[in-house]
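Enquirer: need a structure here:
(one chain, ligands or ions: 1)
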Amino acid sequence: MSTSTLAFKNIQLERRGSVTVLTVNRPEKLNAIDRATLGEIADAVRAFTADPAQGALVLTGAGPKAFIAGADIAELQPLGPGAAEEISRFGQGVADLLEGSPKPVVAAVNGFALGGGCELALGCHMRLASENAVFGLPEVTLGIIPGYGGTQRLPRLVGQGRALELILSGRKVKADEAERIGLVNRVVPLDQLVDEAVKLVEAILRNGPLAVEAALECVVRGLSLPLDQGLRFESGRFGMVAATADMHEGLQAFLDKRPAKFERR
Ligand code: COA
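Expert: Below is the predicted model of the structure:
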């Protein structure tokens, strides 16, 4: 289903050429993600993935204060064990959808990215942050634990020691520290954040599309494989890319000293 045929209450979608900008829009709750909002994000990401006219996704939050201030605490408060495990699986599924997208997904983190908000940002392939961004997994301060993938993705990104410090203390980190520890790719002024994220993916989309897709798949799949299997996977995709006209065009264009004309075939 195309995104234009879906009706949303808590998110907004904007198409900037071939880039979809998905904005979580509950500013009165600092864009906290309740179940309904998570469901809307999932529907929009599925529709984006299926839309051949769309090449990349930017995820951001409405307003100048918050990206996503976490799972909706009011909704979590009454949950018992079964329902808590279920909402964890649901939230993990949304982060998995972002990470599993065959097209690049960038988080443009424009303020608080706490708990589930930090975890959705971690599900994205890349992260840009504004100068006022604040990251954290403060769940243990509430007597719960990160449940939308944070305990698994944060250590893979910043290493076990740093991840454990943040997860066990609940300490929040500002944009400059987030950049220093590799939690974000770079920090930009708030008023340029989404434009910079769009520029980043537009530059990616000028490259050979089948090669971009294959390289993305190698990195994402490879991170959950032992090194030897990841290397085998890479060689397999390297071979598959060699079957494309785009590879021969890209290499020939270099030799001819002209720009390549990729045709996605
Ligand atoms: N779930 C539900 N509501 C939330 C929320 C969340 N994760 N984060 C913020 N809100 C709501 C507040 O309850 C408040 O609603 P109200 O006006 O109806 O009372 C509104 O958003 C504004 O938040 P407020 O706390 O007044 O803003 P602040 O600038 O004083 O503080 C934060 C900002 C982000 C530091 C603070 O809102 C906070 O700590 N939020 C929770 C973060 C968190 O622990 N996330 C992990 C959840 S598992």
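Enquirer: which residues in the chain form strands?
Expert: Along the chain, counting by DSSP state E, strands occupy 11-16, 19-24, 56-61, 66-68, 105-109, 112-114, 126-130, 134-136, 173-174, 186-188.
Enquirer: what's the local residue count around the closest residue to Val173 other than its chain neighbours?
Expert: Nearest non-adjacent residue to Val173, counting by C-beta to C-beta, 6 or more residues apart in numbering: Phe135, 5.1 Å away. In this view, the C-beta of every residue, glycine as well, is placed from N, C-alpha and C. For Phe135, the count of nearby residues is 27 (other C-beta atoms under 10 Å).
Enquirer: TSV for the strands of the chain, including mean pLDDT and distance to Pro155?
Expert: Shown next, in TSV, are those (pLDDT from 0 to 100; distance: least, C-beta to C-beta, whole Å):
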stretch	mean pLDDT	distance to Pro155
strand 11-16	97	29
strand 19-24	98	25
strand 56-61	98	22
strand 66-68	98	21
strand 105-109	98	18
strand 112-114	98	17
strand 126-130	98	16
strand 134-136	98	14
strand 173-174	98	15
strand 186-188	98	22
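Enquirer: before we move on, the earlier item: what sits against the residue nearest to Val173?
Expert: Contacts for Phe135 (C-beta atoms under 8 Å, 6 or more residues apart in numbering) come out as Val109, Ala113, Leu114, Cys118, Ala121, Ala129, Lys172, Val173, Ala178, Leu183, Val184.
Enquirer: show me what it is bridged to.
Expert: Ala113, Val173 (DSSP bridges).
Enquirer: from the ligand, how far off is it?
Expert: 11 Å (C-beta to the nearest ligand atom, to the nearest Å).
Enquirer: Gln54 too?
Expert: 29 Å.
Enquirer: most neighbours out of the contacts of Phe135, which is it?
Expert: Cys118 (35 neighbours).
Enquirer: pLDDT value on it, please?
Expert: Turning to Cys118, the model gives it a pLDDT of 98.
Enquirer: ditto for Met1
Expert: Here the pLDDT value assigned to Met1 is 50.
Enquirer: next: Gln92.
Expert: Predicted confidence (pLDDT) for Gln92: 98.
Enquirer: so it makes contact with Pro146?
Expert: No - taking contacts as C-beta atoms under 8 Å, Gln92 lies outside contact range of Pro146: 10.2 Å.
Enquirer: residues contacting the closest residue to Arg153 other than its chain neighbours?
Expert: Once flanking residues are discounted, Arg153 sits nearest to Leu122: 4.0 Å by C-beta to C-beta, 6+ apart. Contact analysis of Leu122 by C-beta under 8 Å, 6+ apart lists Ala95, Gly149, Gly150, Arg153, Leu154, Leu157.
Enquirer: who's in contact with the fourth one?
Expert: Read that as Arg153. Ala95, Glu119, Leu122, Gly123.
Enquirer: nearest spatial neighbour of the first one, chain-adjacent residues omitted?
Expert: Closest residue to Ala95 in three dimensions, ignoring its sequence neighbours and counting by C-beta to C-beta, 6+ apart: Gly123, at 3.2 Å.
Enquirer: residues near the one you found, how many?
Expert: So Gly123, with other C-beta under 10 Å, has 25 neighbours.
Enquirer: what separation is there between the residue nearest to Val173 and Glu234?
Expert: 30 Å (C-beta to C-beta, to the nearest Å).
Enquirer: where along the stretch 101-250 of the chain do the helices fall?
Expert: With DSSP state H, counting those that start in this stretch as the criterion, the stretch 101-250 of the chain has helices at 116-123, 150-158, 160-169, 175-180, 193-205, 209-222, 227-242, 245-256.
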